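Visitor: need the 3D shape of this:
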Amino acid sequence: MTTTPLSHETSHCTLGITCQRCLAEYRIRDTHRLTNASRSTCRTCGARFAVVTAALPIDPGRSALHPLNDAPTPPAPEQSDRDQPQLSTIHSAFRGSGGTLLGMQIVNVCLTLITLGVYHFWGKAKIRRYLFSHTAFGSDRFAYHGTGKELYQGFIKAMLVFGLPYVSLGAAHSFLDLPRWVDLLSQTLAGLILFLYVPIAIVNARRYRCTRTSWRGIRFSFRGRTKDFLKLYVRGWGLTVLTLGTYYPYFQTQRQAFLHTQTFFGNQRFGFTGHGSGIMLPFAVTLVSTYVVLGLCGLALAFQLTNAGLTLLLIPFLLGPLWIWLLGQKQKYFWDHTTFGEARFSSSITWQKLFTLYLGNIGLLLVTMGWAWPWVTVRNARFFIGTLSLQGPVDLDRVLQDSTVSSVTGEGLSNLLDTGFDMDT
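Guide: Reported below is the predicted structural model:
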């Protein structure tokens, strides 16, 4: 802290204090109340400081504030350099266990059956709290603050907004003898509702989950507008169809940029520097290879060169590793181009490790007839979280809480058809 006398009287003087970190200014009118080694805290940035009182030679009745130690005050440039955030690498890890998750899942299934499905939302919130509380970023863990009641209310709202109109139009098509043009119109409206449902669910579910997630006591928030994402979504799919799929990498990158740049941690914003051209090559290789494999399989079936069942069985074995390779390339590119302040995220994911992960998950689920789901969840969390880190200058002291209010309708939308948006990055 630095001080400057503002006025002087016989009994006491009024001093001005300027915080060296945030430059906030304060006044001390009753300096005679100061005692040796007085301590206080800057109300703006929270910096702690200590002072001693000393008489100035030019005026014995006037007090001044000096640093607690006798060392000379370092020059301003050195002080500024010392306050700069240090280069660091923050790693992430997941420390949950499949056994604990299995016990929770068994209880959730039993209670869901007893309550005719109502407890599903409370069980889902309970599992989320467990997963978040065992996810560490650096030395601190995340916390999830959502409740089953909020998820249930969101589901009811989503049913009223989207579910009821969609079901009504589907029932009219199936059970009523309508004129052809009316039936065609109802099917078109049903398809439009389903198409609009997806982007609205993505944006609003992300908004809800961000506001219910915290780290180091500070919550996340998402400030993207649904209308803006709808425009991006409609335009992206329209250009993708018109360009026979070649625009899809640009659409995916724009979608990711919107979701990341509109996400905040406290008052600090995330950034995204990626471009569609960065994943165009792996996408093109995968797409062309897929067309070639499907074309050859189609010719084999048309001319009965091989058994039809064997040909269809070979398709996932040929194309599966290829699409996993593309997924790994895309995930790594998106995270490597995501920033937080001056720091940048880094992903060590490789397609070989990703392929091994998925192959092991399929084997576990097949052998245990689905009972290994908790271990599959833990394997996925450890893999994806463990490959992520934040590198660069990070000044977490500058992050301040910024309160936002979020509706729970979006979370209900994601539950409506169980679209799996939990894995959305």
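Visitor: any idea how this structure splits into domains?
Guide: Domain segmentation of the chain under automatic domain parsing yields 2-83, 90-423.
Visitor: pick the most deeply packed of those.
Guide: domain 90-423 (a mean of 16; mean count of other C-beta atoms under 10 Å). (Glycine included, C-beta is placed from N, CA and C.)
Visitor: helix, strand or coil for Ser346?
Guide: Classification of Ser346 by DSSP: H, G, I helix; E, B strand; the rest coil places it in strand.
Visitor: residues contacting it?
Guide: When contacts are counted by C-beta atoms under 8 Å, 6 or more residues apart in numbering, Ser346 touches 335-336, 388-391.
Visitor: in helices, which of these fall?
Guide: The helices, defined by DSSP state H, take in 335-336 from the contacts of Ser346.
Visitor: which one of the contacts of Ser346 is nearest to Gln262?
Guide: Among those, Trp335 lies closest to Gln262 (C-beta to C-beta), at 16.9 Å.
Visitor: now do the same contact list for that closest one.
Guide: 345-347, 349, 388, 425.
Visitor: so how far is Tyr208 from the nearest residue to Gly274 once chain neighbours are set aside?
Guide: Using C-beta to C-beta, 6 or more residues apart in numbering and skipping residues adjacent in sequence, the residue nearest Gly274 is His337, 3.7 Å away. Distance, His337 to Tyr208, using C-beta to C-beta, to the nearest Å: 26 Å.
Visitor: so where's the stretch 251-400 of the chain uncertain?
Guide: The model of the stretch 251-400 of the chain has pLDDT under 70 over residues 305-309.
Visitor: what ranges do the helices span in it?
Guide: With helices called from DSSP state H, counting those that start in this stretch, the stretch 251-400 of the chain shows them at 280-302, 308-336, 351-368, 373-386.
Visitor: export the contacts of Trp335 as JSON lines, with columns for distance to Gly117.
Guide: Formatted as JSON lines, the contacts of Trp335 follow (distance: C-beta to C-beta, whole Å):
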{"residue": "Phe345", "distance to Gly117": "38"}
{"residue": "Ser346", "distance to Gly117": "42"}
{"residue": "Ser347", "distance to Gly117": "37"}
{"residue": "Ile349", "distance to Gly117": "36"}
{"residue": "Leu388", "distance to Gly117": "35"}
{"residue": "Thr425", "distance to Gly117": "29"}
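Visitor: out of those, which is nearest to Trp373?
Guide: Distances from Trp373 to these, taken by C-beta to C-beta, are shortest for Thr425, at 21.5 Å.
Visitor: just the local confidence number for the closest one, please.
Guide: Listed pLDDT for Thr425 reads 44.
Visitor: picking that back up, which one of the contacts of Trp335 is nearest Leu116?
Guide: Distance to Leu116, by C-beta to C-beta, is smallest for Thr425 among the contacts of Trp335, at 34.3 Å.
Visitor: may I have stretch 152-161 as CSV, with CA atoms only?
Guide: The C-alpha trace of stretch 152-161 is given here as CSV (Å, rounded to 0.1, in the frame of the first residue of the first chain):
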residue,chain,number,x,y,z
TYR,A,152,-37.8,-33.0,-12.6
GLN,A,153,-39.3,-29.5,-13.1
GLY,A,154,-37.2,-29.0,-16.2
PHE,A,155,-38.4,-32.3,-17.6
ILE,A,156,-42.0,-31.3,-17.0
LYS,A,157,-41.5,-27.9,-18.7
ALA,A,158,-39.8,-29.6,-21.7
MET,A,159,-42.6,-32.0,-22.1
LEU,A,160,-45.1,-29.1,-22.2
VAL,A,161,-43.0,-27.1,-24.6
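Visitor: report the longest helix in this structure, please.
Guide: Assignment by DSSP H gives helix 180-211 as the longest helix of the chain.
Visitor: immediately after that helix, which helix or strand?
Guide: Downstream of helix 180-211, the first helix or strand assigned by DSSP states H and E is strand 213-215.
Visitor: next one: the next helix or strand after that next one to chain centre, how far?
Guide: Next in sequence after strand 213-215, counting helices and strands by DSSP H and E, comes strand 218-222. With C-alpha atoms, centre = their mean, to the nearest Å as the basis, strand 218-222 stands 9 Å off its chain's centre.
Visitor: what helices and strands are in contact with the next helix or strand after strand 218-222?
Guide: Tracing the chain C-terminally past strand 218-222 and defining elements by DSSP H and E, one meets helix 226-242 next. Contact partners of helix 226-242 among helices and strands, from 3 or more C-beta pairs under 8 Å, 6 or more residues apart in numbering; DSSP states H and E: helix 180-211, helix 248-261.
Visitor: among those, which gets the worst mean confidence?
Guide: Ranked by mean pLDDT, the helices and strands packed on helix 226-242 bottom out at helix 180-211, with a mean of 88.
Visitor: just checking, what packs against it?
Guide: If contacts are counted by 3+ C-beta pairs under 8 Å, 6+ apart, helix 180-211 sits against helix 164-175, strand 218-222, helix 226-242, strand 263-265, helix 409-416.
Visitor: helices or strands next to the shortest one in the packing?
Guide: The elements that strand 263-265 packs onto, with contact taken as 3+ C-beta pairs under 8 Å, 6+ apart, are helix 180-211, strand 218-222, strand 268-272.
Visitor: so which of the ones you listed gets nearest Tyr291?
Guide: Here helix 180-211 is closest among the helices and strands packed on strand 263-265 (C-beta to C-beta), at 25.4 Å.
Visitor: can you give me the distance of Cys210 to Asp395?
Guide: 21 Å.
Visitor: Leu244 too?
Guide: From Leu244 to Asp395 the distance is 47 Å (C-beta to C-beta).
Visitor: thinking again about what came up before, what angle separates the longest helix of the chain from helix 226-242?
Guide: On the basis of axes from the mean of the first three to the mean of the last three C-alpha atoms, to 10 degrees, helix 180-211 is oriented at 120 degrees to helix 226-242.
Visitor: so who does Leu364 touch?
Guide: 372, 375-376.
Visitor: let's go with 10 Å and repeat that
Guide: Residues near Leu364 by C-beta atoms under 10 Å, 6 or more residues apart in numbering: 98, 370-373, 375-376, 379.
Visitor: wait, Asn380 sits on Leu357?
Guide: Yes: taking contacts as C-beta atoms under 10 Å, Asn380 lies within contact range of Leu357: 7.1 Å.
Visitor: appreciated, that's everything.
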